[in-house]
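J.: quick one, fold the following:
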Amino acid sequence: MTDRPKTPVLDRVSNPADLRSMSDEDLIRVADELRAETISAVSQTGGHLGAGLGVVELTVALHAVFDTPRDRLIWDVSHQCYPHKILTGRRDRIRTLRQKDGLSGFTKRSESPYDPFGAAHSSTSISAALGFTVARDLGGSPDPSLGDAIAVIGDGAMSAGMAYEAMNNAGHLGRRMFVILNDNEMSIAPPTGAMSSYLSRLYAGAPFQEFKAAAKGAVSMLPPPFQEGAKRAKELLKGLAVGGTLFEELGFSYLGPIDGHDMEQLLPILRTVRARATGPVLIHAITKKGKGFKPAESARDKGHATGKFDVLTGEQAKSKPNAPSYTSVFAKGLLAEAARDDRIVAVTAAMPDGTGLNLFAERYPSRCFDVGIAEQHGVTFSAGLAAGGMKPFAAIYSTFLQRGYDQVVHDVALQRLPVRFAIDRAGLVGADGATHAGAFDVAYLANLPGFVVMAASDEAELMHMVATAAAHDEGPIAFRFPRGEGTGVDLPERGEILEIGKGRIVAQGKGVAILNFGARMKEVTEAAEALSARGVTPTLADARFAKPLDHDLILKLAAEHEALITIEEGCVGGFGSHVAQLLSDEGVFDHGLRFRSMVLPDTFIDQASPEDMYAVARLNAEDIEAKVLEVMGVESLGRRA
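T.: Predicted structure coming up:
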């Protein structure tokens, strides 16, 4: 289905100022049409659907009540920002979401003045909003008319310690700012932890019903026992305080829970707090992820992330994979090891499906731990498990492991604890763009003393690395693998334990050696096949380890070849830099070796298909071929079409 919905009222909105001249009845119609437009757009592009559908009414109400962009609206994570983008002058480009040269799937400062703060990782919004608030009060901007800061944060993101650090600071400073707690009982995975239980208790009782009635002036419709409570709630609304002891103890005036889909509640409450607030205010809104689109509402993940889909059925258009995904291969390998060793446990930070640990949880529920969006805690929790005699596998995306780096250094590496880090989404990841690229983990792990760092060149190698990590008790060990399907190699039932710090020769050649680290081996092989037609037959080697390096293999390649090229899906400072340091220390460069290192460029690469992103990075097969020809002094044919 490609027919666009009819949106006569939404068509009158070119920017949020247009909302402020509309009646409340028209704003309700805008919300209905905005939901239809969002569904239509994402059906054509794919993307984060459920979160955006859950905040449609909130988005309309916030822009209608607050004076954006003078008032700074900050979306936590911001994967729910598609309706926001439609309302803020980007509707004509909304069907370019997550495409090359199109709109980002997240807020982005360079994209619009309505995106005051970029996001994609969670739990940053309250800190940023407080920063804007203090900057305003101290005159940090030449514009003296800058207004309020409003952070919209989900209940899942509230499981991260950073959110409470920010609230503690904001409550202490006491400055006027607003936090909207968008509580949909659902982040990417079902919520976990005491905070989720606390929020559930807040809206399980009478206050939610009382506020719903009070805001509409419908007290008489309530049963008699609730009528007096509803009258009190209406008065308390004027004073901005109802309940939420935890938030009040942190220094916030708490209001809620309220129905986040009911414009007849949202609009008067937001208008009241905007007019009367003097300090920090938290509004607790109950919403439903995937609201208004039945396939999303009924999906296990509430339509968190989808491919292109049919608007009527919700059926996604998916190509049939040629090989199992690396993530599923990791899951298979871990299950094979766990079946033989009951000390193996698994830890994820709110990504059980994305990391494949949902399969582990089904098989071994008492040995799988979802710590919520709390990578710092997850790393140190894993360190404690290791110190206590267990064998923890911390399965965390490369881009999210960055959030726990101090804990990796201080709590794991410094104590030489055998935590096993399974690093998914290594390299460039496509439509999620620069915020989710796994570009830095080799550099930030391989510089730590005692760390073992591996990268799988194919699915079978990944199986071997899972087995190797399970057997390694001498200190921390990490293995990285990319997003998406593998190369189609045969898989063993169980991986083999690799010798630590030893690589392998894949194909023997002469003249030039290509030393690959990670999942570019397929492209290296394609380049070698093309080079053979030019009379160049390179030696191909798979390093397997960035730390410890295989000194014998590297020095042998250097001694037997005129040139050596390293390949990796990581930034400057990673594998190639370690190889260069070894060659320098050994004096190899004094003997005329020509050395090149192919890495990700020193820039953030915007979203596109992975193939296009690697083309920008010049790490495709044709780029490897051209580099070999360059270093060997052979005239290149240029980039192939």
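
J.: for the rest of this, base every contact and every neighbour count on C-alpha atoms.
T.: OK.

J.: what's the domain layout of the chain?
T.: 10-298, 326-480, 504-631 (automatic domain parsing).

J.: residues touching Met521, list them.
T.: Ser457, Asp458, Asp542 (C-alpha atoms under 8 Å, 6 or more residues apart in numbering).

J.: scratch that, Ile344
T.: Contact analysis of Ile344 by C-alpha under 8 Å, 6+ apart lists Glu337, Ala338, Arg367, Met390, Lys391, Pro392, Phe393, Ala470.

J.: try it again at 10 Å.
T.: Ile344 sits next to 334-335, 337-338, 364, 367-368, 385-386, 389-393, 470 when contact means C-alpha atoms under 10 Å, 6 or more residues apart in numbering.

J.: filter those down to just the ones in strands.
T.: Cys368, Lys391, Pro392, Phe393 (DSSP state E).

J.: looking at this, Asp602 is in a strand?
T.: No: under DSSP: H, G, I helix; E, B strand; the rest coil, Asp602 falls outside any strand and is assigned coil.

J.: in terms of pLDDT, where does it sit?
T.: Here the pLDDT value assigned to Asp602 is 95.

J.: repeat that for Ala189.
T.: Reported pLDDT for Ala189: 57.

J.: then the one 10 residues further on?
T.: With respect to pLDDT, Leu199 has a value of 56.

J.: about what we covered before: which of the contacts of Met521 tops the neighbour count?
T.: Counting neighbours by other C-alpha atoms under 10 Å, Asp542 comes out on top of the contacts of Met521 with 25 neighbours.

J.: pretty sure that one sits against Lys522.
T.: No: counting by C-alpha atoms under 10 Å, Asp542 sits too far from Lys522 to count as a contact (11.1 Å).

J.: any common contacting residues for the two?
T.: Shared contacts of Asp542 and Lys522, counting by C-alpha under 10 Å, 6+ apart, come down to Ser457, Asn516.

J.: what helices and strands are in contact with the helix ranked longest in the chain?
T.: Ranked by residue count and defined by DSSP state H, the top helix of the chain is helix 24-45. In this structure, helix 24-45 packs against helix 16-19, helix 50-54, helix 56-65, helix 82-85, helix 263-276, with contacts taken as 3 or more C-alpha pairs under 10 Å, 6 or more residues apart in numbering; DSSP states H and E.

J.: kindly export that helix (C-alpha atoms) in PDB.
T.: The C-alpha coordinates for helix 24-45 follow below in PDB (Å, rounded to 0.1, in the frame of the first residue of the first chain):
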ATOM      1  CA  ASP A  24      -8.500  21.800  21.000                       C
ATOM      2  CA  GLU A  25     -10.900  19.900  18.700                       C
ATOM      3  CA  ASP A  26      -8.700  20.600  15.800                       C
ATOM      4  CA  LEU A  27      -5.600  19.500  17.800                       C
ATOM      5  CA  ILE A  28      -7.300  16.100  18.400                       C
ATOM      6  CA  ARG A  29      -7.900  15.700  14.700                       C
ATOM      7  CA  VAL A  30      -4.200  16.700  14.000                       C
ATOM      8  CA  ALA A  31      -3.200  13.900  16.400                       C
ATOM      9  CA  ASP A  32      -5.300  11.300  14.600                       C
ATOM     10  CA  GLU A  33      -4.000  12.400  11.200                       C
ATOM     11  CA  LEU A  34      -0.400  12.600  12.400                       C
ATOM     12  CA  ARG A  35      -0.700   9.000  13.600                       C
ATOM     13  CA  ALA A  36      -1.900   7.900  10.100                       C
ATOM     14  CA  GLU A  37       0.800   9.900   8.400                       C
ATOM     15  CA  THR A  38       3.500   8.300  10.600                       C
ATOM     16  CA  ILE A  39       2.300   4.800   9.900                       C
ATOM     17  CA  SER A  40       2.200   5.600   6.100                       C
ATOM     18  CA  ALA A  41       5.700   7.000   6.100                       C
ATOM     19  CA  VAL A  42       7.300   4.200   8.100                       C
ATOM     20  CA  SER A  43       5.600   1.600   6.000                       C
ATOM     21  CA  GLN A  44       7.700   2.900   3.100                       C
ATOM     22  CA  THR A  45      11.000   3.400   4.900                       C
END
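
J.: give the buried residues for that helix.
T.: Going by neighbour count (16 or more other C-alpha atoms under 10 Å), the buried part of helix 24-45 is 24, 27-45.

J.: just name the shakiest helix or strand of this structure by mean pLDDT.
T.: helix 224-239 (a mean of 41; mean pLDDT, DSSP states H and E).

J.: how close does the nearest residue to Val452 once chain neighbours are set aside get to Asp542?
T.: Of all residues not flanking Val452 in the chain, Ile477 sits nearest, at 4.5 Å (C-alpha to C-alpha, 6 or more residues apart in numbering). Distance, Ile477 to Asp542, by C-alpha to C-alpha, to the nearest Å: 18 Å.

J.: again, but for Ile126
T.: 45 Å.

J.: Phe481 now?
T.: Taking C-alpha to C-alpha, one finds Phe481 at 14 Å from Asp542.

J.: likewise for Arg90?
T.: Arg90 is 46 Å from Asp542, by C-alpha to C-alpha.

J.: mind giving me the ChimeraX command for buried ones among the contacts of Ile344?
T.: Buried subset of the contacts of Ile344, written as a ChimeraX selection, criterion 16+ other C-alpha under 10 Å:
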select :334,335,337,338,364,367,368,385,386,390,391,392,393,470
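
J.: tell me the one of the contacts of Ile344 nearest Val273?
T.: Cys368 (42.7 Å; C-alpha to C-alpha).

J.: any idea how far His551 is from the nearest residue to the closest one once chain neighbours are set aside?
T.: With sequence-adjacent residues excluded and distances taken as C-alpha to C-alpha, 6+ apart, Cys368 is closest to Ala346, at 4.8 Å. Applying C-alpha to C-alpha, the value for Ala346 to His551 is 33 Å.

J.: so for those two, which sits in the more crowded spot?
T.: Higher neighbour count among Ala346 and His551: Ala346, with 25 against 16, using other C-alpha under 10 Å.

J.: give me the pLDDT value at that one.
T.: Ala346 is given a pLDDT of 98.

J.: same question for Ile283.
T.: 95.

J.: show me what whatever helix or strand it lives in is packed against.
T.: Taking DSSP states H and E as the definition, Ile283 sits inside strand 280-286. Packing contacts for strand 280-286, counted by 3+ C-alpha pairs under 10 Å, 6+ apart, involve strand 149-154, helix 161-173, strand 177-183, helix 194-204, helix 245-249, strand 253-259, helix 263-276.

J.: give me the buried positions along stretch 108-117.
T.: For stretch 108-117, by 16+ other C-alpha under 10 Å, it's Lys108, Tyr114, Asp115, Pro116, Phe117.

J.: actually stretch 134-150, not the one I typed
T.: Across stretch 134-150, burial judged by 16+ other C-alpha under 10 Å covers Val134, Arg136, Leu146, Gly147, Asp148, Ala149, Ile150.

J.: Phe309 reaches Gly303, doesn't it?
T.: No: contact criterion C-alpha under 10 Å: Phe309 and Gly303 do not qualify, at 11.1 Å.

J.: which of those two has more residues huddled nearby?
T.: Using other C-alpha under 10 Å as the criterion, Phe309 and Gly303 rank with Gly303 on top: 25 against 20.

J.: picking up where we left off before, direction included, what does the helix or strand in which the residue nearest to Cys368 is found pair up with?
T.: Assessed by DSSP H and E, Ala346 sits inside strand 344-348. Here strand 344-348 has these sheet partners by DSSP bridges: strand 368-370 (parallel), strand 391-397 (parallel).

J.: from the middle of its chain, how far away would the last one be?
T.: Strand 391-397 sits 16 Å away from the centroid of its parent chain (C-alpha atoms, centre = their mean, to the nearest Å).

J.: extract the CA atoms of that strand and return them as PDB.
T.: Output of strand 391-397 as PDB, limited to C-alpha atoms (Å, rounded to 0.1, in the frame of the first residue of the first chain):
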ATOM      1  CA  LYS A 391      31.600 -17.300  33.700                       C
ATOM      2  CA  PRO A 392      29.600 -14.300  32.600                       C
ATOM      3  CA  PHE A 393      29.100 -13.400  28.900                       C
ATOM      4  CA  ALA A 394      28.100  -9.700  28.700                       C
ATOM      5  CA  ALA A 395      26.400  -9.400  25.300                       C
ATOM      6  CA  ILE A 396      26.400  -5.700  24.500                       C
ATOM      7  CA  TYR A 397      26.400  -3.700  21.200                       C
END
